[in-house]
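1. got a predicted structure plus its sequence, pasted below:
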Amino acid sequence: MATTETDDFQAASTTSAFDATLSEADFDRLFEQAEELSEYFREIGPEFDEKNTFAFPSIERFKATDLGAISVPKRFGGHGGSLLQTSKIISELSKGDSAITLAYNMHYIMVGIAGGLMSDEQNEYWLGRVANGKELMFGPFSEKRAGFSGLADMKAIPQEGGGWKIYGTKTWGTNCEAASIITTNATITDAEGNLPETFEERVAAESFFIADFGFDTETLEGDGLRVERSWDSLGMHATGTHVIHFDGFFIPESGFICEWRTGAFGVLEWASLTFASIYLGMQARVLEESRALLSKKTLGAVFGAIAANEVKVSGVGHIVDGVGEMASRYEICRRVLYQTCNEVTEGKDDDWPLELRFPYIGLAKTFIAENVMWMTKHAMSMVGGQSFRRGNIFERLYRDSAASLFQPLNGDQTRTYIGEYLLQPDELED
Ligand SMILES: Cc1cc2nc3c(=O)[nH]c(=O)nc-3n(C[C@H](O)[C@H](O)[C@H](O)COP(=O)(O)OP(=O)(O)OC[C@H]3O[C@@H](n4cnc5c(N)ncnc54)[C@H](O)[C@@H]3O)c2cc1C
């Protein structure tokens, strides 16, 4: 039977690098490393949140573990961790510090996406470097106009001797301070640098590349690129999500992975589960900090909603209820994430209509995002005014949790995908 475009897309849709061959005993050993690293992230996190820079000392500590290769398939030198095992490691690290972990999460995402799409030869080379050389990846795709879903304005101009030179700006370069491998997307132009004229041609020309990355940390210049250390945001300070300007950055032919929209874009839906893992870890931290504080806090003599000589907040109805509610939400979110990881691994998502796979898998992320934002807000309300002071863990968690609004898929786009599918005319449904 001839393969249609839809069949290709469907076949590709389950592509990711996870080979899921890591035994539970070996996973436990790696998890212990994650617990230790998480402690270290917890220790240094406040300093780098305050300094508003990437947590540079975390690089050496991360590389001293085997965690960078957990999801690299065994045949390329990694540990062969499954999506769920990787998710558990990310959540554990995030419990220590979500901002530092979000940086390394970009590495996990790109290992998964690029690893699932590269040829064996490319994987042996690039994932081999990750597994054996402990190198890190990152993936700046979003642009100022285009965001994440807009077609890339960044150009890849073909060179006479082969390969491309890249021109344009990526505005979200999480983990660029630690990575030595870049994966990115750009639209292949003609030899004069003209973008294709029609929408369809632009879609087809947008391509996914991999290359060496590096820059001088003093001048911030690299070969054909410049890093603008301009990351200044409400939260997630330690991610080092800087702007990267490309001006003739060379990518050899061997750095072409595949088409971006029709190749990679359709297979990255599982990546939202790594973001979900970040915010699940953050939920665990919110619960932990709330319990630690609220179980001990005493108000003394009060005259308000309660009037009494001696009040421990752990006995106040709305606080007992609030902590119970938090724990319940965490537990439901954990089950949603673990179940979604397992269903994706087992291919059960193939039972959903093709159009709903992306938003339905993404539901774990949007659900956890909504709940983590509820939890950080509710924790502040229960803890009281001290949580509002700069440097307090609760104001920090509140700011960091707001980042969950943005990573793809966001809640609005998820609902649009689902609503559009459900409201389409009957003839299209057929
Ligand atoms: C801490 C942090 C780190 C990040 N790191 C990275 C990174 O390393 N690499 C990277 O590539 N990106 C990164 N991002 C960027 C991020 O994931 C988004 O791409 C970015 O926020 C811009 O996209 P947007 O959808 O938020 O905004 P816009 O694209 O400007 O969207 C504006 C509005 O239009 C809506 N919209 C956009 N496109 C569509 C569409 N096709 N259909 C319907 N509605 C649409 C959006 O939902 C939104 O409401 C990071 C973001 C954060 C917060």
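-> Nice, I can see it. Remember, predicted model here, so these are calculated numbers, not experimental data.
2. list the contacts of Thr239.
-> By C-beta atoms under 8 Å, 6 or more residues apart in numbering, Thr239 lies in contact with 54, 99-100, 102-103, 174-175, 231. C-beta coordinates here come from the backbone N, C-alpha and C atoms, glycine included.
3. wait, doesn't Gly240 sit right on Pro140?
-> No. At 11.5 Å, Gly240 does not count as touching Pro140 under the criterion of C-beta atoms under 8 Å.
4. between the two, which contacts overlap?
-> 173-174, 176.
5. of all the residues you listed, which comes closest to Arg396?
-> Thr174 (18.4 Å; C-beta to C-beta).
6. now whichever residue of the chain sits closest to the ligand: phi and psi?
-> Proximity to the ligand, evaluated over the chain using C-beta to the nearest ligand atom, is greatest for Gly147 at 1.9 Å. Note on Gly147: backbone dihedrals following degrees, to the nearest 10 are phi 60, psi -140.
7. partners of it in the sheet?
-> For Gly147, the beta-bridge partners under DSSP bridges are Glu143.
8. tally of neighbours for it?
-> By other C-beta atoms under 10 Å, the residues close to Gly147 number 13.
9. ok, Ala369 next?
-> Per other C-beta under 10 Å, the neighbour tally for Ala369 reads 27.
10. now do the contacts for it.
-> Ala369 touches 275-276, 279, 404-405, 411, counting by C-beta under 8 Å, 6+ apart.
11. most widely separated two among those residues?
-> Between any two of the contacts of Ala369 (C-beta to C-beta), the greatest distance is 13.5 Å, for Ala276 and Leu405.
12. restrict the helix or strand Leu84 falls within to CA atoms and write it as PDB.
-> Assigned by DSSP states H and E, Leu84 belongs to helix 83-96. Output of helix 83-96 as PDB, limited to C-alpha atoms (Å, rounded to 0.1, in the frame of the first residue of the first chain):
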ATOM      1  CA  LEU A  83      10.500   8.600  29.500                       C
ATOM      2  CA  LEU A  84       9.100   7.900  32.900                       C
ATOM      3  CA  GLN A  85      12.600   7.300  34.400                       C
ATOM      4  CA  THR A  86      13.900  10.500  32.900                       C
ATOM      5  CA  SER A  87      10.800  12.300  34.200                       C
ATOM      6  CA  LYS A  88      11.500  11.100  37.700                       C
ATOM      7  CA  ILE A  89      15.100  12.300  37.600                       C
ATOM      8  CA  ILE A  90      14.000  15.700  36.300                       C
ATOM      9  CA  SER A  91      11.300  16.100  39.100                       C
ATOM     10  CA  GLU A  92      13.900  15.100  41.700                       C
ATOM     11  CA  LEU A  93      16.300  17.700  40.500                       C
ATOM     12  CA  SER A  94      13.600  20.300  40.200                       C
ATOM     13  CA  LYS A  95      12.600  19.700  43.900                       C
ATOM     14  CA  GLY A  96      16.000  21.000  44.700                       C
END
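13. before we move on, the earlier item: which of the shared contacts of Gly240 and Pro140 are close to the ligand?
-> Filtering these for neighbours of the ligand using C-beta under 6 Å from any ligand atom leaves 173-174.
14. I'd like to know which of the shared contacts of Gly240 and Pro140 are buried.
-> Buried members of the shared contacts of Gly240 and Pro140, counted by 16 or more other C-beta atoms under 10 Å: 173-174, 176.
15. just the ones of those residues in strands?
-> With DSSP state E as the criterion, strands contain Gly173 from among these.
16. what's the helix holding Leu84 packed up against?
-> Here helix 83-96 touches helix 24-51, helix 98-117, helix 272-294, helix 317-345, going by 3 or more C-beta pairs under 8 Å, 6 or more residues apart in numbering; DSSP states H and E.
17. winner for burial among those helices?
-> helix 98-117 (a mean of 27; mean count of other C-beta atoms under 10 Å).
18. C-terminal to that helix, what's the next element?
-> Taking DSSP H and E, what comes next after helix 98-117 is helix 120-133.
19. now do that next one: which elements does it pack against?
-> helix 98-117, strand 181-188.
20. excluding chain neighbours, what is closest to the spatially most central residue of the chain?
-> Centre of the chain computed as the mean C-alpha position; nearest residue by C-alpha atoms, centre = their mean is Phe275, 4.2 Å away. Spatial nearest neighbour of Phe275, excluding adjacent residues (C-beta to C-beta, 6 or more residues apart in numbering): Gln407 at 4.5 Å.
21. count of residues packed around that neighbour?
-> Neighbour number of Gln407 under other C-beta under 10 Å is 23.
22. kindly report the same for the one 4 residues further on.
-> Burial of Gly411, expressed as a neighbour count using other C-beta under 10 Å, amounts to 17.
23. sounds good, over and out.
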